[in-house]
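Colleague: everything below, folded, please.
(chains A, B, C and D)
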2 protein chains.
Amino acid sequence: MDAGHMDVSGRCQRVAPVLARIGDKWAVLVVETLADGPVRFNALKREIGVISQRMLTFTLRGLERDGLVTRTVYPTVPPRVEYSLTPLGQSLLEPIGHLARWAHEHAEEMAAARLAFDAETVPEAEAAE
Amino acid sequence: MDAGHMDVSGRCQRVAPVLARIGDKWAVLVVETLADGPVRFNALKREIGVISQRMLTFTLRGLERDGLVTRTVYPTVPPRVEYSLTPLGQSLLEPIGHLARWAHEHAEEMAAARLAFDAETVPEAEAAE
DNA sequence: CAGTATCCGCAGAGATACTG
DNA sequence: CAGTATCTCTGCGGATACTG
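Modeller: Down below sits the predicted model:
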């Protein structure tokens, strides 16, 4: 874990898997939803809304594998499975909070930049026609 | 930009595009490489190492569109194009720095969790055979 | 040097149906 | 309720070749 991760420009690439997790379309959403406490599978599904079972299961597996969430099964007659954040998962809330703050504060700037860029690009495509 | 982004659990989804950027396989890498100052296209390519032209161009376009980097063309005989971070792009260095810190500090924990999870899962698959 | 254009393979992701 | 299994389609991402 100390070497063999410098394949890019000399910067430590241990961050790459974390970036991948953060970039995961659903992972952050699930973590955020779990922030307030344990949530059952279908409740999670309902909260997120548009996610498919397959993706939710897949995402939860990944998070569980990375030690970010725990899966607790209550062997009741209607099966009841609760997911909750591990301390590691909770600690992740901090950096993604920073990210969310940045996103919130600069969303307009980015949107404006996009409009400006598209205004510069799209008309050319139309004019070429 | 004030409404119509609450499709998930009531949390503002303006962060989603930012998350997508961060999650972009190459975007963060490019931004980090640009942190020290303007870099030319091929230098960028060489620094990153394994990226294809297509992806580098694509990534740079996206970053430019989002107002994170600027593209400056010097009309010399051998074309010279420099990319550099905008103030917005530089401000992004902060949250991803937090993220990198977290990644660095918890990489071992995550790796251990993975090993434990796989040790729990893989043998079952082998035992079933 | 700095791209653009084209083709292709593979993984991500949704829909659906079935099980314990 | 909480998944697993299968099928499929989209689009990311790489390799290659060509252009200004």
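
Colleague: what about the longest helix in chain A?
Modeller: Ordering each helix of chain A by length in residues (DSSP state H) puts helix A:87-127 first.

Colleague: do that helix and DNA strand C meet?
Modeller: No. Figure legend: helix A:87-127 not in contact with DNA strand C (CB under 7 Å from any atom of the strand); closest approach 9.9 Å. C-beta here means a position set from N, CA and C on the backbone, and glycine is covered the same way.

Colleague: and that helix, what's its mean pLDDT?
Modeller: When pLDDT is averaged over helix A:87-127, the result is 86.

Colleague: for it, what is the distance to the chain centroid?
Modeller: With CA atoms, centre = their mean, to the nearest Å as the basis, helix A:87-127 stands 15 Å off its chain's centre.

Colleague: now do the same contact list for the most centrally placed residue in chain A.
Modeller: Centroid-nearest residue in chain A: A:V28, 2.5 Å away (criterion: CA atoms, centre = their mean). The contact partners of A:V28, by CB atoms under 8 Å, 6 or more residues apart in numbering or on different chains, come to A:22, A:96, B:19.

Colleague: ok, those residues vs A:R114, which is closest?
Modeller: Set against A:R114, the nearest of these by CB to CB is B:L19 (16.1 Å).

Colleague: just want the angle from the strand or helix carrying that closest one to helix A:87-127.
Modeller: If you go by DSSP states H and E, B:L19 is part of helix B:15-23. If you take axes from the mean of the first three to the mean of the last three CA atoms, to 10 degrees, helix B:15-23 sits at 100 degrees to helix A:87-127.

Colleague: next SSE after helix B:15-23?
Modeller: From helix B:15-23, the next helix or strand downstream (DSSP H and E) is helix B:27-33.

Colleague: export that following helix as PDB, just CAs?
Modeller: Provided in PDB are the C-alpha atoms of helix B:27-33 (Å, rounded to 0.1, in the frame of the first residue of the first chain):
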ATOM      1  CA  ALA B  27     -11.100  15.700 -15.400                       C
ATOM      2  CA  VAL B  28      -9.700  15.800 -11.900                       C
ATOM      3  CA  LEU B  29      -6.400  14.600 -13.200                       C
ATOM      4  CA  VAL B  30      -6.200  17.300 -15.800                       C
ATOM      5  CA  VAL B  31      -7.200  20.000 -13.200                       C
ATOM      6  CA  GLU B  32      -4.500  18.800 -10.900                       C
ATOM      7  CA  THR B  33      -1.900  18.800 -13.600                       C
END
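
Colleague: packing partners of the helix holding B:L19?
Modeller: With contacts taken as 3 or more CB pairs under 8 Å, 6 or more residues apart in numbering or on different chains; DSSP states H and E, helix B:15-23 sits against helix A:15-23, helix A:87-127.

Colleague: show me how far it is from its chain's centre.
Modeller: Here the centre of helix B:15-23 is set off from its chain's centre by 9 Å, with CA atoms, centre = their mean.

Colleague: ditto for stretch A:16-36
Modeller: Offset of stretch A:16-36 from its chain centre (CA atoms, centre = their mean): 2 Å.

Colleague: can you give me the end-to-end span of it?
Modeller: End-to-end distance for stretch A:16-36, by CA to CA, to the nearest Å: 27 Å.

Colleague: and that stretch, which residues are buried?
Modeller: Within stretch A:16-36, the residues that count as buried by 16 or more other CB atoms under 10 Å in any protein chain shown are A:16-19, A:21-24, A:26-35.

Colleague: please tell me how far A:W102 sits from A:V18.
Modeller: Note on A:W102: its distance to A:V18, by CB to CB, to the nearest Å, is 17 Å.

Colleague: meant to ask about A:A116
Modeller: From A:A116 over to A:V18 (counting by CB to CB), the distance is 32 Å.

Colleague: cool, and A:E82?
Modeller: A:E82 is 25 Å from A:V18, by CB to CB.

Colleague: can you check A:A119 too?
Modeller: As for A:A119, its distance to A:V18 is 36 Å (criterion: CB to CB).

Colleague: A:A113 now?
Modeller: 27 Å.

Colleague: one more: A:E47?
Modeller: Distance from A:E47 to A:V18, by CB to CB: 24 Å.
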